[in-house]
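Colleague: any chance you could fold what I've pasted below:
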Amino acid sequence: MQVFKFARNVVATCAALLAIVVPAAKATAQTQPTTAVKTVLLIHGAWADGSSWSKIIPLLEAKGLHVVAVQIPLTSFADDVAATQRAIALEDGPVLLVGHSYGGAVITEAGNDAKVAGLVYVSAVAPDAGESAFGLITSVPTPIGSELRPDKSGFLKLTPQGIAEDFAQDLSAKEIEVLTATQVPTSVAAMKGEITTPAWKSKPSWYIVAANDRAISPDLEAAQAKKIGATTTTVPSSHVIMLSKPAKVAEVIIGAAAKAGSK
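Modeller: Residues are numbered from 1 along each chain as shown. Model prediction:
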């Protein structure tokens, strides 16, 4: 009988301890701060707008990420950086900046904000201090250069042929028509804006090289990715890789968001 009472007391004591320890452990796990980034800011490139990310946004939101497609005016480099800085200021917690094409220069400058946990370059420029998007892109000429048309106010537009053959050659005819109709003229002065302090020198970076790019040389993209020490992915695509290969671009962004906060 004594043995039976002893065993019963031991079981009761263990049960009581579990009742205390298990909830405490769950509470600790629930309150443990996560290091993953939950907010992604998408910065479009030249001759485009926030709709560039129309195929990416639902893929990121399906993974629980909060997404903001920043509308930069393309009127000057300072204006575009300021628009991105305002978007960063409106968000709580760490953010991941994603820049396409010219947008890479914008995130390189705006990414110095303390809230920015990482940078993703999508067939983009990643200038060093004193460099500009214009200087980098024209250092290795591409076919799109002959399809740019200036206006009297210092803005550039792409010809319909340039969009169809050199900007988005792997999209459908209907998609190319939409891009042609919605392209936003881009200030030459914006593209000549020089970087002061490159954020990629202090923030972890990812880079997606578009292997069939006819707007920015794929060799230049690969060289930039190597220079900034980015985790690099190469995909056979035109310049608008987020429209032609959205699943692959989303995969890289999701992975970057998961890792950026822990680096």
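
Colleague: OK, contacts around Ala105?
Modeller: Applying C-beta atoms under 8 Å, 6 or more residues apart in numbering to Ala105 gives the contacts Phe77, Gly99, Ala124, Val125, Ala126, Pro127, Ser132, Ala133, Met191, Gly193, Ile195. C-beta here means a position set from N, CA and C on the backbone, and glycine is covered the same way.

Colleague: quick check, nearest of these to Ala257?
Modeller: Of all the contacts of Ala105, Gly99 has the smallest distance to Ala257: 14.7 Å, by C-beta to C-beta.

Colleague: quick check: closest non-adjacent residue to that closest one.
Modeller: Of all residues not flanking Gly99 in the chain, Ile107 sits nearest, at 3.8 Å (C-beta to C-beta, 6 or more residues apart in numbering).

Colleague: name the SS class of the one you found, please.
Modeller: For Ile107, the assignment made with DSSP: H, G, I helix; E, B strand; the rest coil gives helix.

Colleague: same question for Trp206.
Modeller: Here Trp206 takes the strand state, with states given by three-state DSSP.

Colleague: mind listing what it touches?
Modeller: Gly118, Leu119, Val120, Tyr121, Ala230, Thr231, Thr232, Thr233, Val252, Ile253, Gly255, Ala256.

Colleague: now those as a markdown table including neighbour count, distance to Lys63 and pLDDT?
Modeller: As requested, the contacts of Trp206 are exported to a markdown table (neighbours: other C-beta atoms under 10 Å; distance: C-beta to C-beta, whole Å; pLDDT from 0 to 100):
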| residue | neighbour count | distance to Lys63 | pLDDT |
| --- | --- | --- | --- |
| Gly118 | 27 | 16 | 97 |
| Leu119 | 28 | 19 | 98 |
| Val120 | 29 | 15 | 98 |
| Tyr121 | 29 | 20 | 98 |
| Ala230 | 21 | 21 | 98 |
| Thr231 | 16 | 18 | 98 |
| Thr232 | 18 | 22 | 98 |
| Thr233 | 17 | 17 | 98 |
| Val252 | 19 | 13 | 98 |
| Ile253 | 28 | 9 | 98 |
| Gly255 | 14 | 10 | 96 |
| Ala256 | 24 | 12 | 97 |
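
Colleague: among those, name the ones in strands.
Modeller: Gly118, Leu119, Val120, Tyr121, Thr231, Thr232, Thr233 (DSSP state E).

Colleague: return the closest of these with respect to Ser205.
Modeller: Distance to Ser205, by C-beta to C-beta, is smallest for Leu119 among the ones in strands among the contacts of Trp206, at 4.6 Å.

Colleague: do you have the strands of the chain handy? List them.
Modeller: 39-43, 66-70, 95-100, 116-122, 148-150, 155-158, 186-187, 205-210, 231-235.

Colleague: can you redo the contacts of Trp206 as JSON lines with distance to Leu148?
Modeller: Below are the contacts of Trp206 laid out as JSON lines (distance: C-beta to C-beta, whole Å):
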{"residue": "Gly118", "distance to Leu148": "32"}
{"residue": "Leu119", "distance to Leu148": "27"}
{"residue": "Val120", "distance to Leu148": "26"}
{"residue": "Tyr121", "distance to Leu148": "22"}
{"residue": "Ala230", "distance to Leu148": "28"}
{"residue": "Thr231", "distance to Leu148": "32"}
{"residue": "Thr232", "distance to Leu148": "28"}
{"residue": "Thr233", "distance to Leu148": "28"}
{"residue": "Val252", "distance to Leu148": "29"}
{"residue": "Ile253", "distance to Leu148": "29"}
{"residue": "Gly255", "distance to Leu148": "34"}
{"residue": "Ala256", "distance to Leu148": "31"}
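
Colleague: in this structure, where is pLDDT below threshold?
Modeller: Counting by pLDDT under 70, the ranges of the chain that qualify are 1-35, 262-263.
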